[in-house]
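Enquirer: After the sequence you'll find the predicted model.
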Amino acid sequence: MKQKTLEIIAFSLFLLALISLRTESSIAYAFSIIIRLILFLLFSIGGYLIFNAPQEIRFGRFLSVLNGIILGVVCFFILEVITVSVIYNSKLIWSIISIISILIAILMLILFLSNYGKKEVKSYLRAVVIRNSVPLIFLVLLTLLPNKFRTTIFYGSNSNKYKSILQEECIQNAFEQAERNETDKSVESALLAIHYGRVREDTLEELYQSSLNALGYSYYIAGQYEKSDSVFRCVLALSNSLFSEPTHQYHTAIYYMGLNYSAYGSYRQSDSLLQICLEQSYDPSKKADIFQRLAYNANCRGQLKKADSLYRASLNSYKDAEFENSENILSTMEEMGSNLEDMSMFSAADSLYTLALKKANDHFGENSSESAVILNYLANLHRVLAEYDKAQTFALKSREINKKISGVNSSQYLYSCLNLASIEISLSEYNDAEPLLLKTLATIEEHFNENSPLAAITYDNLADMYEDFDDFDRAEIYTEKSLKARSLWYGNYHLQTAGSMKNRAYIYYCRGNYEVADSLYRRALQIEKRFLGAITPVYAKTLNGLGLVMTATKSFGKADTLFIYAAAILKTTKGTRHPDYGTVLQNQGILLTKEGHLDHAETYLNNALSIYKATFKTQNTLIAETLIHQARIQSQKKRFNNARQLYNEASGIYKNLFHFKHPKLAVIEAELAGIAKK
């Protein structure tokens, strides 16, 4: 009788706990804890009565009490799972279930072995197994149920518990979609999470702040920096008004605000916020992320040595966190390699990229997205070094991987296409480059912001290609779009914007608007010197462009100084076999021709042609242009047969490279006609 009474009381308390939890009131959770403790004590103290072992069974009383304790623990965790509704640490629950199962098995084994041969044991053993296994099986099934399904069963689909699960799902979706650059979906998910928070009237809880952080992060990824900043400020204001000390979501908002300021060029503000995060963080992996962003900021401000030091600190922090093969450490290595390129340390950058590629291949596989990103960096590096065969191999491999993994609309696939197109333009493979660029541009306009960095790179490539076509009308359209995009995205005083300024300046130079070209080149030089210093290949190319303007305006002394300076920088940084060095030699040859120093001019042009032929190995517009300038010297020297031969060779290159009559062909025909008259 006592046994049944205790079991009825226990079952009634269990039901009472469930009913109170259904109310979702603030008191319900505290009440359920009291009931759980009562149940635990009831089973522990009344275990002897519940399991009621016969006197003939050895250790019967001890085993009965122990069974009661185990059953109390099981009931405690059944109610705990129902109360929390969402299981975040399933490993802990399964560990507890495993321990309880082992204890029950040991009890059964002790009971059987110590009472072997007694008839009473079998019936008692059966009763103990049923009383222990039924609640345990119920706990197992409860744990196996999906969070949403479990919550629906015990609380209903209109409950706040269920809506909190939906809110957390939306937050997780928002971050994941943002990482995939699905910004419209990400913003929608974050707004839905905020809606669920307001329906639940939990705008004073951290979960609501987490929803706001998801929205701010979505706006940040979408490039809507002002909106992002406003949302993060709301999180900080909420946290300060509700909590006496900064919460986890407060620090998250500070970190994302730092990223946001960095993205639109407020590097000092970004550094201040990130330093706060660094001081508050004890997690090595989080510190590594912060060091990486501080390094990026330093790079963007032209503090290349400081950036290198911070990147090394980031790598060391990842090693401390035992994340040596993580995706984040690969990202740090990629950015560090790019910083080394800015420092003209190309060999070191190549070694770092190669090491990163090995890590990615070993840990993620040779056909992983991580490997594809590094292949893109290697392709770009070898394009800069004019090692086009290697560059093309890396770019094609990267594009192939990204197509399989991310699809043809992903940013990584499009970056691979742009890298490949840039290489093809350098190699004068226009029949391949033009359709690839136009298709890429159409995809970007459909799926991305028209002022995004991805779009700006496409505009630059199209402008470069149409400059080679001598189609300056179309080239001008794309240089204008590029400058507008980068000015809006990065601001007017930024290294990327300076690159667009140079391209625009070259169009003005080609159209004879030397005053505007001069102004833009000088502005670009000022920015590049501020960010990179005055001894980099980027700065040298701008000096070369300004030298062209000085040559056109007959400021030959200034032009000569600029070309000599540019050649000295390129000789040091890229070597005397690089086509950029050849271009400066060609321009020096043109200058000397205008000054009447034909023999010296011929030497410079011959050297430039030698570099071009060694680099490209096939027909190229740079080779054709140099041949035209050589022909003009031969014509001035009255060596008309030599001039005709050189003109015809250049004409053959233009006819083979272009599917239309290139404007240079008309120039060659006119100059050949002039020779015929002589």
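Expert: Here it is on my side, so go on. Numbering: from 1, shown residues only.

Enquirer: Now do the contacts for Ala650.
Expert: Ala624, Glu625, Leu627, Ile628, Ala631, Lys664, Ile668 (CB atoms under 8 Å, 6 or more residues apart in numbering). C-beta here means a position set from N, CA and C on the backbone, and glycine is covered the same way.

Enquirer: at 6 Å what do you get?
Expert: Contact analysis of Ala650 by CB atoms under 6 Å, 6 or more residues apart in numbering lists Ala624, Leu627, Ile628.

Enquirer: what does Ile254 give?
Expert: Contacts of Ile254 (CB under 6 Å, 6+ apart): Leu273, Ile276, Cys277.

Enquirer: Report the buried residues of stretch 216-233.
Expert: 216-225, 227-229, 231-232 (16 or more other CB atoms under 10 Å).

Enquirer: repeat for stretch 630-646
Expert: Using 16+ other CB under 10 Å as the test for burial, stretch 630-646 gives Gln630, Ala631, Arg632, Ile633, Gln634, Ser635, Ala643, Arg644, Leu646.

Enquirer: Span of it from start to end?
Expert: Using CA to CA, to the nearest Å, the end-to-end distance of stretch 630-646 comes to 7 Å.

Enquirer: any residues touching that stretch, and which ones?
Expert: The contact list for stretch 630-646 (CB under 6 Å, 6+ apart) reads Leu598, Ala601, Glu602, Leu605, Leu627, Tyr647, Ile675.

Enquirer: Which PyMOL command selects the buried ones in these?
Expert: Of those, the buried ones go into a single PyMOL selection, burial set by 16+ other CB under 10 Å:
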select buried, resi 598+601+602+605+627+647
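
Enquirer: which of the contacts of stretch 630-646 has the weakest pLDDT?
Expert: Least confident of the contacts of stretch 630-646 in the model: Ile675, at 85.

Enquirer: which outside residues touch the stretch of helix or strand that residue belongs to?
Expert: Counting by DSSP states H and E, the element that carries Ile675 is helix 663-677. If you take CB under 6 Å, 6+ apart as the criterion, helix 663-677 is touched by Asp470, Ser635, Phe640, Ala643, Tyr647, Ser651, Tyr654.

Enquirer: same check, this time on stretch 525-545
Expert: For stretch 525-545, the external contacting residues (CB under 6 Å, 6+ apart) are 302, 342, 344, 495, 498, 502, 506, 521, 524, 562, 565-566, 569-570, 573-574, 584.

Enquirer: Endpoints of it, how far apart?
Expert: First-to-last distance for stretch 525-545 - CA to CA - comes to 10 Å.

Enquirer: got the buried residues for it?
Expert: Neighbour-count burial for stretch 525-545, counted by 16+ other CB under 10 Å, picks out 525, 527-529, 531-532, 536-545.

Enquirer: for the record, mean pLDDT for stretch 77-96?
Expert: Averaged over stretch 77-96, pLDDT sits at 66.

Enquirer: Spit out the contact partners of the nearest residue to Leu212 once chain neighbours are set aside.
Expert: In space, and not counting its chain neighbours, Leu212 is closest to Val235: 4.9 Å by CB to CB, 6 or more residues apart in numbering. Listed by CB under 6 Å, 6+ apart, the contact set of Val235 reads Gln209, Leu212, Asn213, Ala253.

Enquirer: tell me the mean pLDDT for stretch 147-166?
Expert: Mean pLDDT, stretch 147-166: 75.

Enquirer: all helices of the stretch 251-400 of the chain, in order?
Expert: For the stretch 251-400 of the chain, the helices defined by DSSP state H, counting those that start in this stretch occupy 267-280, 284-300, 304-320, 327-342, 346-364, 369-384, 388-405.

Enquirer: What are the phi and psi values at the residue nearest to Leu212?
Expert: Val235 adopts backbone torsions of phi -60, psi -50, taken as degrees, to the nearest 10.

Enquirer: Make 31 the starting number, not 1.
Expert: Right, with 31 as the first residue, what we last looked at is Val265.

Enquirer: how much space is there between it and Thr282?
Expert: For Val265, the distance to Thr282 equals 8 Å [CB to CB, to the nearest Å].

Enquirer: anything in contact with each of those two?
Expert: By CB under 6 Å, 6+ apart, the residues touching both Val265 and Thr282 are Asn243.

Enquirer: What strand or helix carries Leu484?
Expert: For Leu484, the host element (DSSP H and E) is helix 483-498.

Enquirer: With just CA atoms, put that helix into PDB.
Expert: What follows is helix 483-498, C-alpha atoms only, in PDB (Å, rounded to 0.1, in the frame of the first residue of the first chain):
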ATOM      1  CA  PRO A 483      34.700  45.900 -55.200                       C
ATOM      2  CA  LEU A 484      33.800  43.000 -57.500                       C
ATOM      3  CA  ALA A 485      32.000  45.300 -59.900                       C
ATOM      4  CA  ALA A 486      34.900  47.800 -59.800                       C
ATOM      5  CA  ILE A 487      37.500  45.100 -60.800                       C
ATOM      6  CA  THR A 488      35.300  44.200 -63.700                       C
ATOM      7  CA  TYR A 489      35.100  47.800 -64.900                       C
ATOM      8  CA  ASP A 490      38.900  48.100 -64.600                       C
ATOM      9  CA  ASN A 491      39.400  45.000 -66.700                       C
ATOM     10  CA  LEU A 492      36.900  46.100 -69.400                       C
ATOM     11  CA  ALA A 493      38.600  49.500 -69.500                       C
ATOM     12  CA  ASP A 494      42.000  47.900 -69.900                       C
ATOM     13  CA  MET A 495      40.800  45.800 -72.700                       C
ATOM     14  CA  TYR A 496      39.000  48.600 -74.600                       C
ATOM     15  CA  GLU A 497      42.200  50.700 -74.200                       C
ATOM     16  CA  ASP A 498      44.000  48.000 -76.100                       C
END
